[in-house]
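Visitor: whatever this is, show me its structure:
(chains A and B)
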2 protein chains.
Amino acid sequence: MQRILSTQLPAHIGETVRLAGWVHRRRLLKSVAFLIVRDRAGLSQVVVTDPGVRAQIEAVGEETAVELTGEAVANAAAPAGVEVVEPLVRVLGATAEPPPFDLFRPELGATLPTQLDHASLSLRHATRASALRVSAAAVAGFRSTLDGLGFVEVHTPKIVASSTESGANVFAIDYFGRPAFLAQSPQFYKQVMVGVFERVYEVGPVFRAEPHETGRHLAQYTSLDAELGFVEDHRDVMAVLAEVIRGMVAATGLPAALPAEFPALHFTEALKIAGAPPDEPDSVSSPVRRVAGTRRDEQGPVDLAPAHERAVGEWALAEHGSDVVFVTGYPAAKRPFYTHPDPTRPGYTNGFDLLFRGVELVTGGQRLHRYEDYVAALAARGEPLAPYESYVEAFRHGMPPHGGFAIGLERFVARLTGAANVREVTAFPRDRHRLTP
Amino acid sequence: MQRILSTQLPAHIGETVRLAGWVHRRRLLKSVAFLIVRDRAGLSQVVVTDPGVRAQIEAVGEETAVELTGEAVANAAAPAGVEVVEPLVRVLGATAEPPPFDLFRPELGATLPTQLDHASLSLRHATRASALRVSAAAVAGFRSTLDGLGFVEVHTPKIVASSTESGANVFAIDYFGRPAFLAQSPQFYKQVMVGVFERVYEVGPVFRAEPHETGRHLAQYTSLDAELGFVEDHRDVMAVLAEVIRGMVAATGLPAALPAEFPALHFTEALKIAGAPPDEPDSVSSPVRRVAGTRRDEQGPVDLAPAHERAVGEWALAEHGSDVVFVTGYPAAKRPFYTHPDPTRPGYTNGFDLLFRGVELVTGGQRLHRYEDYVAALAARGEPLAPYESYVEAFRHGMPPHGGFAIGLERFVARLTGAANVREVTAFPRDRHRLTP
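Guide: All right, here's what the predicted structure looks like:
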């Protein structure tokens, strides 16, 4: 007999059916036992009166994988109006040991560290599993939106000869006896691939040896990267990004306030709204100088301080009914060397962030596209050209104006689902203190 | 004026149009100059007679990014029956330096090492770019097939505390001062996630410190992993794999001989067909012993020697008109400890490979699903349990019979497109000798 899923039960009333799943919960009453079985589609109620089967169910603990054959009968009081009665039960594998926390309760009682220590079990809980389903849907929405816009998916190296975003916070690796690094972003590769396909995207892991342990940083996270050529400036990039965010949110089915036009603030206005001291853009020759009240965010090159982001997010919601807000025109000193300057405003760039519910979610911008500009930008920052030689080669041979963005998947899912910590929406998070499971 | 793509030209005959792309080729005749412009959709022919514009075109070399505005006129002799005449030309960015090899010729003349050294340019060539489009289509086919079967996409750690497939060929990394490794596969994570979603897949990089330099091994490749629970045995996994391969081939639009039922041979029969000495399965306690004529393949746990794979591939084509053939029932000694034994044939397993055109493309099988079996399997191989503790925890708490497979993306694309070397179908390959670009 073909196995059916819990959601297919209503179509089989009056028939003998085969279910399979996990013992989600048992309720052992005096004359009857109720068994709730969980499969990938949902829950089924199973009613047991036979003493032999009851004894069997008393012996198998929650989370045991089982197969049941019984009759599907209508019962208005049961979930979805149907339950399975008088089943034969077969244990698949072995009887489960009791989990360290109850998985059938609405909330997972264990602390986050305990959950993470026992990820193989905590992820089975409805709240954790549904966040990962949201994550999968969001990525599908990212891809389908970009597929529709003529983008091509690429896969780029995660082992690189020199660090991409900054010399710090990079993991070193022994590469056949030579030093190498884990890629902090696919930045250079996606730019180079604009020369091949004009429009590319990549979904993949990026690595940051993040020294701080915060609720929004991980040592490995999933970066949703896109890059497109033949743009006028960063505004063409922002238009694509807005469509992508819309597509991602729609794919999850969760609510978010996304106005027809996403509000946008210049960096200097954002500082005013946040009540931060006004910014004086540094010369590009002093990239390490920080403006008071701002900080380097290592998982997005540079942005506002968290409190400022929250203030700007509140402003967007109050003034525009929007969960998203662009901050544009970041000072050159706060952006990587490959950022295209704002031709109309010296010291500022065509780099932007997108905040989502008061947290930086996306970093993007227009990039330099002339070889000479790369040489000058690196020289101005006192950085040697040599480590970037194979990257900048593409710019000697015809690169159109282009730009792109990178969305942090875990941050997006955390903000969308209301999780306080990205670790709640990451299957097996990695940070300074966590290398297993 | 909105830019149009080359493929949209026929719909705009008689109109002034704006094109953008790369100078693919120039043909400078006495009274007229032809300019072929390449964009992401294809090629356009542009006709120049104006001396000023001609001088401009003489000055900009191939690969320069340009924008053109001119009239689209019908010309039966032109590609797609349309060309653009009397254009205004604007260079985007800067005039390109001459590339180290011609990109407009049907074949890329440079040697593979030269192509790889200048990947940012060689990938612009039609042959290299189309292989990457095939790759993107194949991955889309992988995902859409599995999405249709109720699988959930997951993202798992690439930095791990202990090596997954074997102690050898693993890259060591400095993880905040502690030793860690790059994941050789998402094997344990995808198994654990069967406990959450029953059916999962992952598309992601895996890392092998492969000491050999062959045409089918890379230090980083893209692994298409799937795992499913509530299977009867490995044959349920093979059925899903066959559907996936069908979906991947269909998505690329390229031809491949895939019969309604994929032929399957037991390992012992495969050896006979290949003319190899008959196999005597080793005891699982001596995992390092090799059977003459077979070898350990580090990018698929273990399989037949390449010559044997070719012979079995030829057999499948001759006997079944098939480009694919399953080899089942690998001896336990040739498979990782987590492989489920064949309950009917001591010493053999429910592990299989799928060969595609005479090369091992997929490794898969049914896995152990009882905690006690893991303890016994590790003990039998003389391996300690401790490094696997957080992995095997899931099996204490109810895991159904399950199995899965891993497809090597680059191998698939190479075989499908007829490329001799996986490096021809990888954007920026990594191997023992290659760390850039």
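
Visitor: any weak-confidence spans in the stretch 201-350 of chain A?
Guide: Judged against pLDDT under 70, the low-scoring parts of the stretch 201-350 of chain A cover residues A:279-303.

Visitor: near chain B, which residues of it are found?
Guide: A:203-205, A:207, A:209, A:219-220, A:222, A:229-230 (Cβ under 8 Å from any Cβ of the partner chain). The C-beta positions use only the backbone N, C-alpha and C, and glycine is treated the same way.

Visitor: cutoff 10 Å now
Guide: Residues of the stretch 201-350 of chain A lying close to chain B (Cβ under 10 Å from any Cβ of the partner chain) are A:201-207, A:209-211, A:218-222, A:228-230.

Visitor: domain-wise, how is chain A divided?
Guide: If you go by automatic domain parsing, the domain ranges for chain A are A:6-91, A:119-425.

Visitor: need the ones you listed in CSV (columns: mean neighbour count).
Guide: Shown next, in CSV, are these (neighbours: other Cβ atoms under 10 Å in any protein chain shown):
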stretch, mean neighbour count
domain A:6-91, 17
domain A:119-425, 20
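
Visitor: looking at these, which is closest to B:Val249?
Guide: Among the domains of chain A, the nearest to B:Val249 by Cβ to Cβ is domain A:119-425 (17.5 Å).

Visitor: quick one: end-to-end distance for the closest one.
Guide: Taking Cα to Cα, to the nearest Å, domain A:119-425 runs 11 Å from one end to the other.

Visitor: please apply the same query to stretch A:157-170.
Guide: End-to-end span of stretch A:157-170 (Cα to Cα): 15 Å.

Visitor: now do stretch A:391-411
Guide: Stretch A:391-411: ends 29 Å apart by Cα to Cα.

Visitor: that one: how far from the chain's middle?
Guide: Stretch A:391-411 has its C-alpha centroid displaced from the chain centroid by 20 Å (Cα atoms, centre = their mean, to the nearest Å).

Visitor: repeat for stretch A:307-321
Guide: So, by Cα atoms, centre = their mean, the centroid of stretch A:307-321 is 22 Å from its chain's centroid.

Visitor: what lies in contact with it?
Guide: Stretch A:307-321 is contacted by residues A:257-259, A:261-265, A:269-271, A:273-276, A:293-295, A:297, A:303-305, A:322-327, A:353, A:355-361, A:415 when judged by Cβ atoms under 10 Å, 6 or more residues apart in numbering or on different chains.

Visitor: top helix in chain A by residue count?
Guide: Identified as the longest helix of chain A according to DSSP state H is helix A:126-148.

Visitor: tell me how far that one lies from the chain's centre.
Guide: Remark: helix A:126-148 is offset 9 Å from the chain centroid, using Cα atoms, centre = their mean.

Visitor: and that helix with helix B:126-148, angle?
Guide: Put simply, helix A:126-148 runs at 140 degrees to helix B:126-148, going by axes from the mean of the first three to the mean of the last three Cα atoms, to 10 degrees.

Visitor: and the helix or strand just after helix A:126-148, which strands flank it?
Guide: Per DSSP states H and E, helix A:126-148 leads on to strand A:152-153 as the next helix or strand towards the C-terminus. Paired strands of strand A:152-153, with direction, are strand A:199-207 (parallel) (DSSP bridges).

Visitor: give the other helices and strands that the helix or strand following the strand it pairs with contacts.
Guide: Going down the chain from strand A:199-207, the next helix or strand is strand A:220-229, by DSSP H and E. Packing partners of strand A:220-229 (3 or more Cβ pairs under 10 Å, 6 or more residues apart in numbering or on different chains; DSSP states H and E): helix A:126-148, helix A:187-197, strand A:199-207, helix A:234-252, strand A:359-367, strand A:402-408, helix A:409-417, strand B:16-28.

Visitor: so which of the ones you listed gets nearest B:Gln187?
Guide: strand A:199-207 (16.3 Å).

Visitor: just want the angle from the closest one to helix A:409-417.
Guide: Using the same axes, to 10 degrees: strand A:199-207 against helix A:409-417 is 90 degrees.

Visitor: and strand A:199-207 with strand B:220-229, angle?
Guide: Between strand A:199-207 and strand B:220-229, the angle comes out at 80 degrees (the same axes, to 10 degrees).

Visitor: so which residues of the stretch 251-400 of chain A form helices?
Guide: Per DSSP state H, counting those that start in this stretch, the stretch 251-400 of chain A carries helices over the ranges A:267-273, A:306-320, A:371-380, A:389-396.

Visitor: which one of those lies nearest to A:Ser135?
Guide: Nearest to A:Ser135, of all those, is helix A:306-320, at 21.7 Å by Cβ to Cβ.

Visitor: and the angle from the closest one to helix A:409-417?
Guide: If you take the same axes, to 10 degrees, helix A:306-320 sits at 50 degrees to helix A:409-417.

Visitor: list the contacts for A:Gln220?
Guide: Listed by Cβ under 10 Å, 6+ apart, the contact set of A:Gln220 reads A:158, A:171, A:182, A:205-208, A:210, A:410, A:426, A:428-431, B:155-159.

Visitor: quick check: the gap between the closest residue to A:Leu241 other than its chain neighbours and A:His234.
Guide: Distances taken as Cβ to Cβ, 6 or more residues apart in numbering or on different chains place A:Phe405 nearest to A:Leu241, at 5.1 Å, with adjacent residues excluded. Going from A:Phe405 to A:His234 by Cβ to Cβ, to the nearest Å gives 9 Å.

Visitor: need the residues touching each of those two.
Guide: Common neighbours of A:Phe405 and A:His234 (Cβ under 10 Å, 6+ apart) are A:241, A:352, A:364-365.

Visitor: can I get those in a markdown table with distance to A:Val46?
Guide: As requested, the shared contacts of A:Phe405 and A:His234 are exported to a markdown table (distance: Cβ to Cβ, whole Å):
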| residue | distance to A:Val46 |
| --- | --- |
| A:Leu241 | 48 |
| A:Phe352 | 54 |
| A:Gly364 | 51 |
| A:Gly365 | 56 |
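
Visitor: and of the residues you listed, the nearest to A:Leu146?
Guide: Closest approach between the shared contacts of A:Phe405 and A:His234 and A:Leu146, by Cβ to Cβ: A:Leu241, at 10.4 Å.

Visitor: nearest to chain B among the shared contacts of A:Phe405 and A:His234?
Guide: A:Gly365 (16.6 Å; Cβ to the nearest Cβ).

Visitor: ok, the closest one touching A:Gly403?
Guide: Yes. Using Cβ atoms under 10 Å, A:Gly365 makes contact with A:Gly403 at a distance of 5.6 Å.

Visitor: now for the residue located most distally from the centre of chain A: which residues touch it?
Guide: Distance to the chain centre peaks in chain A at A:Pro51, reaching 48.6 Å (criterion: Cα atoms, centre = their mean). Going by Cβ under 10 Å, 6+ apart, A:Pro51 touches A:Ala33.

Visitor: what of A:Leu224?
Guide: Counting by Cβ under 10 Å, 6+ apart, A:Leu224 has contacts A:138-139, A:141-143, A:146, A:201-204, A:244, A:248, A:362, A:405-409, A:412.
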